[in-house]
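**Q** take this sequence and fold it.
(one chain, ligands or ions: 1)
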Amino acid sequence: MSEQSTLLHLIDGQWHEGGGERFFDLNPARPGHIVAEGMEATETEVDRAVDAARRAAPAWAGTPMHARAQVLWRGAELLESRAEDVGTELVREEGKTLGEGVGEVRRAAQVLRYYAGAADREAGEVYSSARRGEQIFVVRRPVGVVAAITPFNFPIAIPAWKIAAALVYGNTVVWKPAMTVPLLAMRLAEVFTEAGLPNGVLNLVYGQNATGAALTGHPFIDAVTFTGSTPVGRLIASDCARRGVGVQAEMGGKNAAIVLRDADIELALDQVVTGAFRSAGQKCTATSRLILDAPIADEFLDLLRGRVAALEIGDPLDPSVNVGPVIDVQARERITGEISEAVAAGATVVAAAHQRRAGTDETGFYVSPTVLEIEHPSAPVWKEEIFGPVLSVRRADNFAHAVQMANEGDYGLSASVFTQDLTAALAAVDSMDVGVLHVNSETAGADPHVPFGGVKASGMGPKEQGEAARDFFTQSTTVYLTGGRPPYALPCEGARP
Ligand code: UN1
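**A** Numbering: from 1, shown residues only. Modelled structure (predicted):
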């Protein structure tokens with residue numbers, strides 16, 4: 001699969017080239033190879049996409065939910081049948097390993113099935129009334145036209161969980177994916193159209209930040225679902241707030257793993273290495289801080305050194321590679337710069353991986369997985385999201401101290417606690433300021449049927465996935481239903497025989 005694909009926008013059910021600047025989608029493991037190319041959308045094309053979504057909205061909202069769900073069931077089957085091919089394209093475009101790429105396409109299929117199943121689940125609530133003869137119930141209706149802005153790091157799973165949820169609850173969508181992963185966006189949009197989605201219900205446009213801003217600021221957008229950095233998310237959220245538009249923003253993370261003295265050390269090592277270095281650390285849920293209970297810290301770091309040194313770096317299409325490149329040259333420069341600055345400021349490199357697979361193209365955007373021990377909490381690598389294969393370590397005197405360290409800082413997405421002590425695990429549940437807590441598993445991962453999202457600077461608005469998705473993609477109407485005063489006796493008022 002070395003051919004180059006042409007990227008087409010999807011507007012009102014038609015595929016066509018954009019009228020804006022030409023852009024190239026590069027393979028981060030072989031930057032000389034162009035995976036796909038296309039033209040950005042112009043502002044007029046963004047307008048046309050929103051207009052198409054707006055025109056398609058009433059008929060789609062009026063389509064029975066089971067019929068909407070049928071499109072998702074078919075889409076899931078198509079994705080499943082293409083998992084190997086689309087997963088390989090994902091790897092060529094984004095740089096995560098083959099197992100992760102194919103796994104992510106399967107995960108997207110699972111997400112579509114979960115939302116298709118929403119048609120068979122309860123659709124609202126019924127309450128008792130204080131008044132005789134009345135029922136109160138809450139029904140859900142679509143919000144309208146949704147703008148979806150998605151990041152590069154899960155090119156198909158995150159779009160799937162935003163778009164499938166929006167669609168099944170009766171909304172229409174205009175989607176702008178990250179410019180580094182347009183091919184996977186086109187593949188997902190193809191799946192939806194082949195599955196029978198009517199024209200205009202899903203529209204796809206490519207473009208830079210200005211295109212995103214034209215979309216999220218468009219007067220006919222009713223809601224915005226965004227995943228990306230905290231500064232951009234907050235900018236979008238404030239603009240949406242001014243216009244009274246609902247927003248769901250999933251933003252940064254600086255996720256801590258705490259390893260307590262009684263932990264299963266082998267398990268913790270496996271999970272910390274996976275959490276920190278899978279996808280080259282480019283997950284908002286990646287483990288980027290490690291807090292070690294002092295009595296086991298030296299032993300843990302010794303073992304970690306061996307694990308990290310054994311990681312194989314190289315072309316992610318090679319099945320024996322553990323860590324691929326980061327997304328682009330800017331990311332590589334930024335991340336390596338942060339590592340050098342941390343070391344210059346006194347951080348100690350306690351572990352690093354340099355093993356390249358034979359045949360690796362050295363122009364690929366590789367960053368060696370690195371573990372840094374930090375003395376002071378003000379170190380930028382301890383506080384700021386790096387979005388790369390960098391793990392910062394500190395030592396804690398005891399459990400309470402470890403929790404206090406984990407809760408430091410602005411973010412509150414995910415955390416892990418490794419312990420066999422039930423009391424400590426339950427105390428962590430009560431005291432960790434995060435939206436997702438893992439006890440004895442890595443910080444990354446998100447099942448489709450449960451809420452996902454963070455607190456503090458990590459998230460704004462309703463969470464994603466599970467029933468939380470319904471809260472965001474629908475508006476509720478509370479109905480007080482009474483028949484009034486009938487001109488005849490009701491059975492419940494009649495005299496007993
Ligand atoms: C995961 O951990 O599998 O951008 C999902 C991100 C998150 C999703 C993480 N919004 O990394």
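
**Q** CA only for contacts and neighbour counts going forward, please
**A** Fine.

**Q** where do the helices sit along the stretch 51-200 of the chain?
**A** Per DSSP state H, counting those that start in this stretch, the stretch 51-200 of the chain carries helices over the ranges 65-81, 83-94, 98-116, 157-168, 182-194.

**Q** rebuild the ones you listed as CSV, extending it with mean neighbour count and distance to the ligand.
**A** Formatted as CSV, these follow (neighbours: other Cα atoms under 10 Å; distance: least, Cα to the nearest ligand atom, whole Å):
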stretch, mean neighbour count, distance to the ligand
helix 65-81, 21, 18
helix 83-94, 24, 13
helix 98-116, 24, 9
helix 157-168, 26, 7
helix 182-194, 22, 15
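
**Q** tell me how many other residues crowd N407.
**A** 18 (other Cα atoms under 10 Å).

**Q** quick one on the thing from earlier: and the helices of the stretch 51-200 of the chain as CSV, adding mean pLDDT and distance to Q355?
**A** Compiled in CSV, the helices of the stretch 51-200 of the chain are given as follows (pLDDT from 0 to 100; distance: least, Cα to Cα, whole Å):
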stretch, mean pLDDT, distance to Q355
helix 65-81, 98, 34
helix 83-94, 98, 20
helix 98-116, 98, 18
helix 157-168, 98, 30
helix 182-194, 98, 29
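
**Q** of the ones you listed, which is nearest F226?
**A** Smallest distance to F226 across those (Cα to Cα): 8.8 Å, for helix 157-168.

**Q** so the closest one versus helix 182-194, what angle?
**A** Here the directions of helix 157-168 and helix 182-194 differ by 30 degrees (axes from the mean of the first three to the mean of the last three Cα atoms, to 10 degrees).

**Q** and helix 157-168, how far out from the chain's middle?
**A** 11 Å (Cα atoms, centre = their mean, to the nearest Å).

**Q** and for stretch 255-263?
**A** That offset, for stretch 255-263, works out to 25 Å (Cα atoms, centre = their mean).

**Q** rounded mean pLDDT for that stretch, please.
**A** The average pLDDT for stretch 255-263 rounds to 98.

**Q** ok, and what's touching that stretch?
**A** Residues outside stretch 255-263 that contact it (Cα atoms under 8 Å, 6 or more residues apart in numbering) are 268, 272, 285-296, 398-399, 402-403, 406, 411-421, 442-443.

**Q** same thing but at 7 Å, please
**A** 285-293, 295-296, 399, 402, 406, 413-420, 443 (Cα atoms under 7 Å, 6 or more residues apart in numbering).

**Q** what do you get for stretch 475-483?
**A** G133, E134, Q135, I136, F137, V138, V139, R140, R141, P142, V143.

**Q** do the same with stretch 85-97
**A** 25-29, 35, 98, 101-102, 105, 181, 184, 279, 316-317, 321-327.

**Q** how far does it sit from the chain's center?
**A** Its chain's average C-alpha position is 17 Å from that of stretch 85-97, according to Cα atoms, centre = their mean.

**Q** let's see it as PDB, backbone CA atoms only.
**A** The C-alpha atoms that make up stretch 85-97 are tabulated as PDB, following Å, rounded to 0.1, in the frame of the first residue of the first chain:
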ATOM      1  CA  ASP A  85      -6.200  -2.000   5.600                       C
ATOM      2  CA  VAL A  86      -7.500   1.100   7.400                       C
ATOM      3  CA  GLY A  87      -5.400   0.300  10.400                       C
ATOM      4  CA  THR A  88      -2.300   0.100   8.200                       C
ATOM      5  CA  GLU A  89      -3.200   3.500   6.700                       C
ATOM      6  CA  LEU A  90      -3.600   4.900  10.200                       C
ATOM      7  CA  VAL A  91      -0.100   3.700  11.000                       C
ATOM      8  CA  ARG A  92       1.400   5.300   7.800                       C
ATOM      9  CA  GLU A  93      -0.300   8.600   8.600                       C
ATOM     10  CA  GLU A  94      -0.100   8.800  12.300                       C
ATOM     11  CA  GLY A  95       2.800   6.700  13.400                       C
ATOM     12  CA  LYS A  96       1.400   4.500  16.200                       C
ATOM     13  CA  THR A  97       2.300   0.800  16.000                       C
END
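
**Q** okay, now the closest residue to E37 other than its chain neighbours: neighbour count?
**A** Distance criterion Cα to Cα, 6 or more residues apart in numbering; nearest residue to E37, sequence neighbours excluded, is F24 at 4.5 Å. F24: 17 surrounding residues under other Cα under 10 Å.

**Q** so F24 lies in a helix, does it not?
**A** No: with DSSP: H, G, I helix; E, B strand; the rest coil as the criterion, F24 is strand rather than part of a helix.

**Q** quick one, what contacts it?
**A** So F24 contacts I34, A36, E37, G38 (Cα under 7 Å, 6+ apart).

**Q** what residues does the stretch 351-497 of the chain have near the ligand?
**A** Counting by Cα under 6 Å from any ligand atom, the residues of the stretch 351-497 of the chain close to the ligand are A444, G445, A446.

**Q** re the thing from before, out of the contacts of F24, which is most surrounded?
**A** G38 (23 neighbours).

**Q** doesn't that residue belong to a strand?
**A** Yes: assessed by three-state DSSP, G38 belongs to a strand.

**Q** so it versus T180, what's the distance?
**A** 12 Å (Cα to Cα, to the nearest Å).

**Q** kindly report the same for G466.
**A** According to Cα to Cα, G466 and T180 sit 28 Å apart.

**Q** what residues does stretch 432-447 touch?
**A** 255, 268, 271-272, 275, 285-287, 403, 407, 412-419, 425, 452-455.

**Q** among those, which ones are in helices?
**A** Using DSSP state H, A268, Q271, V272, G275, V403, N407, A425 are the members of those that sit in helices.

**Q** and those as a markdown table, adding pLDDT?
**A** Shown next, in a markdown table, are the ones in helices among the contacts of stretch 432-447 (pLDDT from 0 to 100):
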| residue | pLDDT |
| --- | --- |
| A268 | 98 |
| Q271 | 98 |
| V272 | 98 |
| G275 | 98 |
| V403 | 98 |
| N407 | 98 |
| A425 | 98 |
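
**Q** and of those residues, the nearest to the ligand?
**A** Using Cα to the nearest ligand atom, G275 is the member of the ones in helices among the contacts of stretch 432-447 that sits closest to the ligand, with 8.8 Å.

**Q** this completes my enquiry, with thanks.
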